[in-house]
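Participant: Quick one: sequence plus predicted model below, questions after.
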Amino acid sequence: MRLERRGDVPLRIIIFAPFMAVLVALLIAAFLIAAAGVNPLTAYVELLRGALGSRLAITEMFTRATPLILTGLAAAVAFRARLWNIGGEGQFFMGALVTAWIGHSLALPGVLGIPVLMVAGMAAGAALLAGPAYLRLRFGVDEVVTTLLLNFIVILFVGLMIEGPLRDPLAFGWPSSVPVDRDFRLPDLIPGTRLHTGLLFAIAAAGAVWLIFARTVFGFETRAAGLNPTAAAFAGVSLPRTLMGVALLSGALAGLAGSVEVLGVTAGVTTTMSPGFGYAGIVVAMLAALHPAGVVASATFVATVFVGADAMSRATGVPSFIADVIVALCLLTMIVALLFATYRVRR
Amino acid sequence: MIEAIELLWNTNLWAAVLRIATPLIFGVLGALLCERAGVLNLGIEGIMTMGAMTGWLTVYLGGDLWVGLSVAALAGGLMGLLHAGLTVPLGLSQHVSGLGITLLASALSYYLYRLIVEVGDLPPTIEPFRPLDIPVLSDIPILGPILFSQTMPTYLALLSVAVIAYVLARTPLGLAIRMTGENPHAVEAQGLNPMRIRIGAVVAGSALMGVGGAFLTTAAFNSFFPEMVQGRGWICIALVVFASWRPGKALIGALLFAFFDAYQLRLQTAIDGVPYQLFLMAPYVLSIVALILVARRAEVPAALMAPYRRGER
């Protein structure tokens, strides 16, 4: 018996893989829930009810999915070119910080101001990833470590700014940055809920990324560079230029996530505003098999787990960290599922 | 400014350097062992968290401190086995699998901690390792309190450097490990099984990472809390590169890093008017600078991150 690589993986298998992965992950997590003395089925029903059981729950879930779509796209874009951007968390915070910073005192009408602030957030995220990409190209420094270390540096920097120059004098308790001007808040998508029009921007971004990869020379070159750098270079693709382009795009998407979260939800920046959106984005991207349309679906799934787990935890007493366990398990089961999707067993 | 220099004469600072270096020494040795066999182990951050939790929990539930360290090693080894299983026989991306291990091991640690331990306002504590004055030697002025009044795990870490260095450089096993990281096909040609060697190295390396994490909760502090590993795992991955994959240099790197960390902590109180975050950033910034300095002449194991498939070139 041996494994043989499929020449062409049928779409139905690629679509089937994440469902298998999620199923297996939920099965494994069921043992951990049972260890808490709770019937896993009850827990999962509570989880679903918590995320999808009411109109309010669904809007909360989509509010959570919005930044996840964008950080998921950031990871998917980078991973396609084998640029290991693990710095989504830092880029998210940088985008958020710059947006709040400029958005506090920008003298523009709202309609003009919102796009300006989003572009500023994207530029901040892109700039943050351009550094590690440059270090890899110029000195051969592995970007995994640099992007990871930058996450810690950026969060400390955010802390420094919101306790110093950007401190909101009106905020009580935990330090927060000054809020963006009221005119620049994204309008609610459904009035009376937290769901904002940022979701539409996130979905539009997924569409744009899909277009870039499916229809542009840059997208094609990126795919080629990711699949086989040597062959791509031989065919005339400039690897440094492609890699830098990917870094800017990926960083911009993660920065946009931070920007949209500030404009749509938090208004000001705190060091606790992200429950690991950047890291979860990696799982979102992998579950989507790095496909932009898949990212929207898998971000919805991951958001369901996160939002649902909080409600489930309140109802059953299972620690809400089970959400992180499920999501992490999904990443591991997904890469195994993808392996079996791309190989077949020959006797 | 004068105060900043005076700090350097303080024996407490230098004693703290060894203490801060201890988890890094375990971690960097673990990462080095994995990478010397050809497997990048980005699970380190989560494995250290898992070691910190399981080691602490064992003691909290009535186990001996040494049993705690052993359980941490076992937990780390198990996570390593999972990483090895995914990356060696299955040949999956070492980057993605490693990150998955980190996410899983951290989440699992927090989950189990919450499940088993009743947490009130303050995290519960244990009786940690006490500094051990080595008779006679600890009475030497200056050097005594710095080198010979540490906790037992610190001495164990220093001993591990020597053991790993010896095993890698001077034993057939070490040769096999190094060869697996350079050219697994040559290992196969010698009648050895490169897959087994890789799995063994990753499990052993991960066990060391687990012990490094446990040092945090059983010697440096006396409780477990989320995010307590604070990127130490990632710093170890940087230190391995800085050390050119050599145990002796890894020790120097860990000590250097620990010196900066200990020094910045004391500078925070000595120098007024500078935001404390700038000091906290320094160790991370320095790690990146160190990487840039050595990257050009790094002697990367040739088969690092290259999955081995039998009979495939």
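Facilitator: Yes, it's here.

Participant: next structured bit after the helix ranked longest in chain A?
Facilitator: Counting by DSSP state H, the longest helix found in chain A is helix A:110-139. Next in sequence after helix A:110-139, counting helices and strands by DSSP states H and E, comes helix A:143-163.

Participant: helices or strands next to that following helix in the packing?
Facilitator: Counting contacts by 3 or more CB pairs under 8 Å, 6 or more residues apart in numbering or on different chains; DSSP states H and E, helix A:143-163 packs against helix A:88-103, helix A:110-139, helix B:232-242, helix B:276-295. C-beta coordinates here come from the backbone N, C-alpha and C atoms, glycine included.

Participant: what's the average pLDDT for that helix?
Facilitator: In this model, helix A:143-163 carries a mean pLDDT of 94.

Participant: The closest residue to residue B:56 other than its chain neighbours in helix, strand or coil?
Facilitator: In this structure, residue B:56 finds its nearest non-sequential neighbour in residue B:217, 3.6 Å apart by CB to CB, 6 or more residues apart in numbering or on different chains. What DSSP: H, G, I helix; E, B strand; the rest coil gives for residue B:217 is helix.

Participant: Now for residue B:217, how many residues are close by?
Facilitator: As a burial measure, residue B:217 scores 29 neighbours (other CB atoms under 10 Å in any protein chain shown).

Participant: ok, it touching residue B:49?
Facilitator: No. Judged on CB atoms under 8 Å, residue B:217 makes no contact with residue B:49 at a distance of 10.0 Å.

Participant: so what's in contact with these two at the same time?
Facilitator: Common contact partners of residue B:217 and residue B:49 (CB atoms under 8 Å, 6 or more residues apart in numbering or on different chains): residue B:228.

Participant: Then residue B:132 would be within a helix, right?
Facilitator: No. Counting by three-state DSSP, one finds residue B:132 to be coil, located in no helix.

Participant: and it, what does it touch?
Facilitator: B:149-152, B:155.

Participant: same check, this time on residue A:307
Facilitator: Contacts for residue A:307 (CB under 8 Å, 6+ apart) come out as A:50-51, A:57, A:60-61, A:64.

Participant: same deal with residue A:176?
Facilitator: A:162, A:167-168, A:268-270.

Participant: Could you find the closest non-adjacent residue to it?
Facilitator: residue A:268 is the one closest to residue A:176 (CB to CB, 6+ apart), at 4.3 Å.

Participant: Spatially, which two of the contacts of residue A:307 are the most separated?
Facilitator: Farthest apart among these by CB to CB are A:50 and A:64. That separation is 11.8 Å.

Participant: Show me which of these two is the more surrounded one.
Facilitator: Taking neighbours as other CB under 10 Å, residue A:50 and residue A:64 compare with residue A:64 leading, 25 against 22.

Participant: Distance from the helix or strand containing the more buried one to the middle of the chain?
Facilitator: Using DSSP H and E, residue A:64 sits within helix A:55-80. Computed by CA atoms, centre = their mean, to the nearest Å, the chain-centroid distance of helix A:55-80 equals 6 Å.

Participant: And for stretch B:197-214?
Facilitator: For stretch B:197-214, the separation from the chain centroid amounts to 9 Å (computed by CA atoms, centre = their mean).

Participant: quick one on the thing from earlier: weed out the non-buried ones from the contacts of residue A:176.
Facilitator: By neighbour count, with 16 or more other CB atoms under 10 Å in any protein chain shown, the contacts of residue A:176 hold A:162, A:168, A:268-270 as buried.

Participant: Leaving out the residues flanking it, which one is nearest to the residue nearest to the spatial centre of chain A?
Facilitator: Geometric centre of chain A, nearest residue: residue A:71, 2.2 Å, by CA atoms, centre = their mean. Counting by CB to CB, 6+ apart, the nearest residue to residue A:71 once its immediate chain neighbours are dropped is residue A:281, at 2.8 Å.

Participant: Pull out the buried positions in the strand or helix carrying that neighbour.
Facilitator: Using DSSP H and E, residue A:281 maps to helix A:277-287. Residues A:277-287 are the ones in helix A:277-287 that count as buried (16+ other CB under 10 Å).

Participant: check contacts around the residue nearest to residue A:176.
Facilitator: Residues counted as contacts of residue A:268 (CB under 8 Å, 6+ apart) are A:100, A:162, A:168, A:171, A:176-180, A:262.

Participant: Tell me, how many residues neighbour residue A:85?
Facilitator: Residues near residue A:85, counting by other CB under 10 Å, number 30.

Participant: list the contacts for the residue lying closest to it once chain neighbours are set aside?
Facilitator: Nearest non-adjacent residue to residue A:85, counting by CB to CB, 6+ apart: residue A:78, 3.8 Å away. Neighbouring residues of residue A:78 by CB under 8 Å, 6+ apart: A:84-85, A:129, A:246-247, A:250.

Participant: what about 7 Å?
Facilitator: A:85, A:246, A:250 (CB atoms under 7 Å, 6 or more residues apart in numbering or on different chains).

Participant: Residue A:194 too?
Facilitator: Going by CB under 7 Å, 6+ apart, residue A:194 touches A:59-60, A:63, A:265.

Participant: ok, now residue A:25?
Facilitator: Here residue A:25 is in contact with A:326, A:329-330, A:333 (CB under 7 Å, 6+ apart).

Participant: which residue sits closest to it, ignoring its sequence neighbours?
Facilitator: In space, residue A:25 is closest to residue A:329, 3.8 Å off (CB to CB, 6+ apart).

Participant: now the angle from the helix or strand hosting the one you found to helix A:277-287?
Facilitator: Secondary structure from DSSP H and E places residue A:329 in helix A:322-342. Helix A:322-342 runs at 30 degrees relative to helix A:277-287, counting by axes from the mean of the first three to the mean of the last three CA atoms, to 10 degrees.

Participant: so, in contact with chain B or not, the following helix or strand past helix A:322-342?
Facilitator: As assigned by DSSP H and E, the chain's next helix or strand after helix A:322-342 is strand A:343-346. No. Using CB under 7 Å from any CB of the partner chain, strand A:343-346 stays clear of chain B, coming no nearer than 9.7 Å.

Participant: Let me see the mean pLDDT of strand A:343-346.
Facilitator: 72.

Participant: elements contacting that strand?
Facilitator: Judged by 3 or more CB pairs under 7 Å, 6 or more residues apart in numbering or on different chains; DSSP states H and E, the packing partners of strand A:343-346 are strand A:2-5.

Participant: Would you mark the buried spots in the very next helix or strand once past the strand it packs on?
Facilitator: Per DSSP H and E, the first helix or strand lying C-terminal to strand A:2-5 is helix A:11-35. Within helix A:11-35, the residues that count as buried by 16+ other CB under 10 Å are A:13-14, A:17-18, A:20-22, A:24-26, A:29-30, A:32-33.

Participant: what about the residue nearest to residue A:176, helix or strand, and which?
Facilitator: Applying DSSP H and E, one finds residue A:268 in no helix or strand.

Participant: Scan the contacts of residue B:132 and report the most crowded one.
Facilitator: Taking other CB under 10 Å as the neighbour criterion, residue B:150 ranks highest of the contacts of residue B:132 with 23 neighbours.

Participant: Dump stretch A:15-35 to PDB, keeping only the CA atoms.
Facilitator: Coordinates of each C-alpha in stretch A:15-35 appear next as PDB, following Å, rounded to 0.1, in the frame of the first residue of the first chain:
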ATOM      1  CA  ILE A  15     -15.100  21.000  -0.400                       C
ATOM      2  CA  PHE A  16     -15.600  17.700   1.500                       C
ATOM      3  CA  ALA A  17     -12.200  17.900   3.400                       C
ATOM      4  CA  PRO A  18     -13.100  20.800   5.800                       C
ATOM      5  CA  PHE A  19     -16.400  19.100   6.800                       C
ATOM      6  CA  MET A  20     -14.500  15.900   7.700                       C
ATOM      7  CA  ALA A  21     -11.900  17.900   9.500                       C
ATOM      8  CA  VAL A  22     -14.500  19.800  11.600                       C
ATOM      9  CA  LEU A  23     -16.400  16.600  12.300                       C
ATOM     10  CA  VAL A  24     -13.300  14.900  13.600                       C
ATOM     11  CA  ALA A  25     -12.200  17.900  15.600                       C
ATOM     12  CA  LEU A  26     -15.700  18.100  17.300                       C
ATOM     13  CA  LEU A  27     -15.500  14.400  18.000                       C
ATOM     14  CA  ILE A  28     -12.100  14.800  19.800                       C
ATOM     15  CA  ALA A  29     -13.400  17.900  21.700                       C
ATOM     16  CA  ALA A  30     -16.400  15.900  22.800                       C
ATOM     17  CA  PHE A  31     -14.100  13.800  25.000                       C
ATOM     18  CA  LEU A  32     -12.900  17.000  26.700                       C
ATOM     19  CA  ILE A  33     -16.400  18.200  27.200                       C
ATOM     20  CA  ALA A  34     -17.400  14.900  28.700                       C
ATOM     21  CA  ALA A  35     -14.400  15.200  31.000                       C
END
